[in-house]
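Asker: okay, structure incoming, though there's no sequence with it:
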């Protein structure tokens, strides 16, 4: 009898661990989505007939069009940067890698604020491009540059250079050797990166909401407008349902393309210093692009926060009754940190349990993995709207609970924890676990003695990334945050939505604080990243 228990103990342990993420997804993802489906397709609402409306068709067309345009532009701009960081050994290469990723972990509302400071009505460049599609496309390139650099760069760094060098020796030009040898090997990675960029731009909210104005709306923005301004919950539910199924298809495609990209990797050769004027010119040009495209908006953000000296910063602590915020702006920092800590703890617990379950491959594991990734691509507005619809009445009346916002933030952060921890867990030799079990160690002690010492760096990095993601979450939080407890991103959006130099200055100061918090977290994360983790996000 004891032998039977020992035989099935690993499977029973994994089944018990699977209950944690499944219960979390059921309550905070499946139930809200199911409620949206019922609201959108039931009752006296328009149902799917809403899709025949000309205004809705225009929103759908613009959502797809801007996502395609943003994806193409991002790949074209970021591909040379991926080559520089993957193939060349540069002074401060690790710092440059961290700086490249800073825009990606910033909340989209901060990205919108940075571009307003650069190309807005009183922007530093003196070119007013806000309320235009060009501002949206530029901000999307800024935000997703790191996706291409990390995903494509991680594969590019591991390609065998000797094949390209052999083509050069046979008379091919540098461009011809790249086109015939390197590009075919990179195509799966480029396709995988493109699918991720398309997914993020397809579900874009904060950037379009701030920079697009009333003339432009993605599905995300239209869902928000119908919910908050028109009180058309049924119509918003239909659009959320459409977006959910579109995201599910995109995630399945991303999983297929990412698998092919990983399958093409070889042993990583050491990066080398640039050779000759042409390579140094190539590296220099990309560093200029890096500074102009990625650093300029962030630097202007900081500069605008000091436009009135320390006035904007002092106003953060003011409790003036004329303030548009219900609490002093500085209090939103404490609220955000508190929510982010709770959300990070939830995400780590749920994500680690899921990662342990997924270490054993199989068909059920593939389905389970897809379910875990769905929140990553699902509209944050849809998640927040689902919370609003589903969790405001018994048996799950959580509208007044202080845990509602952290749960929404954790839902978005869990996939990042799984992606960071799972590859390292799978790389552990299972014989080490078996040896510990043979010596009588129970599963918990096996994890403590064998897995944790090998996975702690990946776990620490996952914790930092989850914290940064939770700190800057906006799309879901804007729906469910209590009026007297706004987070930093919500407060920034409120301040930017009201005219006045004082409001704008406070928004820029809060955005600067959030940028610094996310940047510090990211730098620490990059130092903790395991050497075998590659360059993927």
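Answerer: Yes, it's here. Given the structure is predicted, the values throughout are model-derived calculations rather than measurements.
Asker: and the chain, what are its domains?
Answerer: In the assignment given by automatic domain parsing, the structural domains of the chain cover 1-33+310-531, 45-305.
Asker: among these, which comes closest to residue 39?
Answerer: When those are compared for distance to residue 39 using Cβ to Cβ, the nearest one is domain 45-305, at 4.2 Å. Bear in mind the C-beta positions are built from the backbone N, C-alpha and C, glycine included.
Asker: what about the helix or strand containing residue 195, average pLDDT?
Answerer: Element membership of residue 195, judged by DSSP states H and E, is helix 183-202. The average pLDDT for helix 183-202 rounds to 84.
Asker: got the buried residues for that helix?
Answerer: For helix 183-202, the buried set under the neighbour-count rule, 16 or more other Cβ atoms under 10 Å, comprises 185-186, 188-202.
Asker: in a markdown table, list the domains of the chain along with distance to residue 39.
Answerer: What follows is the domains of the chain, written out as a markdown table (distance: least, Cβ to Cβ, whole Å):
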| stretch | distance to residue 39 |
| --- | --- |
| domain 1-33+310-531 | 6 |
| domain 45-305 | 4 |
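Asker: flag the shaky bits of the stretch 1-150 of the chain, pLDDT-wise.
Answerer: 1-13, 40, 42-48, 94, 123, 126 (pLDDT under 70).
Asker: residue boundaries of the helices in it?
Answerer: In order along the chain, the stretch 1-150 of the chain carries the following helices (DSSP state H, counting those that start in this stretch): 2-25, 31-41, 54-87, 93-105, 108-119, 133-156.
Asker: of all the ones you listed, which lies closest to residue 286?
Answerer: Closest approach to residue 286 among those (Cβ to Cβ): helix 54-87, 4.7 Å.
Asker: name the helices or strands packed onto that closest one?
Answerer: In this structure, helix 54-87 packs against helix 93-105, helix 133-156, helix 183-202, helix 219-228, helix 233-263, helix 276-289, with contacts taken as 3 or more Cβ pairs under 8 Å, 6 or more residues apart in numbering; DSSP states H and E.
Asker: which of the ones you listed sits closest to residue 358?
Answerer: Ranking the helices and strands packed on helix 54-87 by proximity to residue 358 (Cβ to Cβ) places helix 233-263 first, at 12.8 Å.
Asker: in stretch 105-112, what's buried?
Answerer: Of the residues in stretch 105-112, those buried (16+ other Cβ under 10 Å) are 105, 106, 107, 108, 109, 110, 111, 112.
Asker: meant to ask about stretch 287-301
Answerer: 289, 290, 293, 294, 296, 297, 298, 300, 301.
Asker: what's it in contact with?
Answerer: For stretch 287-301, the external contacting residues (Cβ atoms under 8 Å, 6 or more residues apart in numbering) are 77, 80-81, 84, 96, 99-100, 102-103, 110-111, 113-115, 117-118, 123-124, 141-142, 145, 508, 511-512, 515.
Asker: in the helix or strand where residue 417 lies, which residues are buried?
Answerer: Residue 417 is part of helix 404-427, with elements assigned from DSSP H and E. Judged by neighbour count (16+ other Cβ under 10 Å), helix 404-427 contains these buried residues: 404-425.
Asker: still on that earlier bit, show me which of the buried residues of stretch 105-112 is closest to residue 336.
Answerer: Proximity of the buried residues of stretch 105-112 to residue 336 (Cβ to Cβ) peaks at residue 107, which lies at 10.1 Å.
Asker: quick one: contacts for that closest one?
Answerer: Applying Cβ under 8 Å, 6+ apart, one finds that residue 107 lies in contact with 206, 471, 472, 473, 474, 488, 489, 492, 514.
Asker: surely the fourth one meets residue 407?
Answerer: Looking back up the chat, that one is residue 473. No - contact status for residue 473 versus residue 407: not in contact, 11.2 Å apart, counting by Cβ atoms under 8 Å.
Asker: list of residues touching the helix or strand residue 208 falls within?
Answerer: Using DSSP H and E, residue 208 sits within helix 206-211. Contacts of helix 206-211 from elsewhere in the structure, counted by Cβ under 8 Å, 6+ apart, are 66, 107-109, 111-113, 115-116, 130-131, 135-136, 139-140, 143, 216-218, 220-221, 224, 474-475, 489, 493, 496.
Asker: buried deepest among the helices of the stretch 1-150 of the chain, which one?
Answerer: helix 108-119 (a mean of 28; mean count of other Cβ atoms under 10 Å).
Asker: distance between that one and the chain's centre?
Answerer: Here the centre of mass of C-alpha atoms in helix 108-119, compared against the chain's by Cα atoms, centre = their mean, to the nearest Å, lies 17 Å away.
Asker: also stretch 220-233?
Answerer: Between the centre of stretch 220-233 and the centre of its host chain there is 23 Å, according to Cα atoms, centre = their mean.
Asker: pLDDT on it, on average?
Answerer: Mean pLDDT, computed over stretch 220-233, is 80.
Asker: list of residues touching that stretch?
Answerer: Contact partners of stretch 220-233, identified using Cβ under 8 Å, 6+ apart, comprise 39, 56, 59, 203-205, 208-209, 212, 217, 235-236, 239-240, 243, 379-382, 385, 388-389, 475, 478-479.
Asker: thinking again about what came up before, tell me which strands and helices the helix holding residue 417 is in contact with?
Answerer: Packing partners of helix 404-427 (3+ Cβ pairs under 8 Å, 6+ apart): helix 2-25, helix 329-358, helix 363-377, helix 380-390, helix 452-472, helix 477-480.
Asker: turn these into a markdown table, columns for distance to residue 52.
Answerer: Conversion of those to a markdown table gives the following (distance: least, Cβ to Cβ, whole Å):
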| stretch | distance to residue 52 |
| --- | --- |
| helix 2-25 | 33 |
| helix 329-358 | 40 |
| helix 363-377 | 26 |
| helix 380-390 | 21 |
| helix 452-472 | 37 |
| helix 477-480 | 27 |
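Asker: out of these, which is the most enclosed?
Answerer: Each of the helices and strands packed on helix 404-427 was scored by mean neighbour count; the highest is helix 380-390, a mean of 26, by mean count of other Cβ under 10 Å.
Asker: and for the helix or strand just after that one, what are the contacting residues?
Answerer: Following helix 380-390 in sequence order, the next helix or strand is strand 392-393 (DSSP H and E). The contact list for strand 392-393 (Cβ under 8 Å, 6+ apart) reads 398, 399.
Asker: partners of strand 392-393 in the sheet?
Answerer: Taking DSSP bridges as the criterion, strand 392-393 sits next to strand 396-397 (antiparallel) in its sheet.
Asker: neighbours around residue 314, how many?
Answerer: Summarising burial for residue 314: neighbours were counted as other Cβ atoms under 10 Å, giving 14.
Asker: now swap in residue 515 and tell me
Answerer: As a burial measure, the neighbour count of residue 515 was computed by other Cβ under 10 Å and equals 24.
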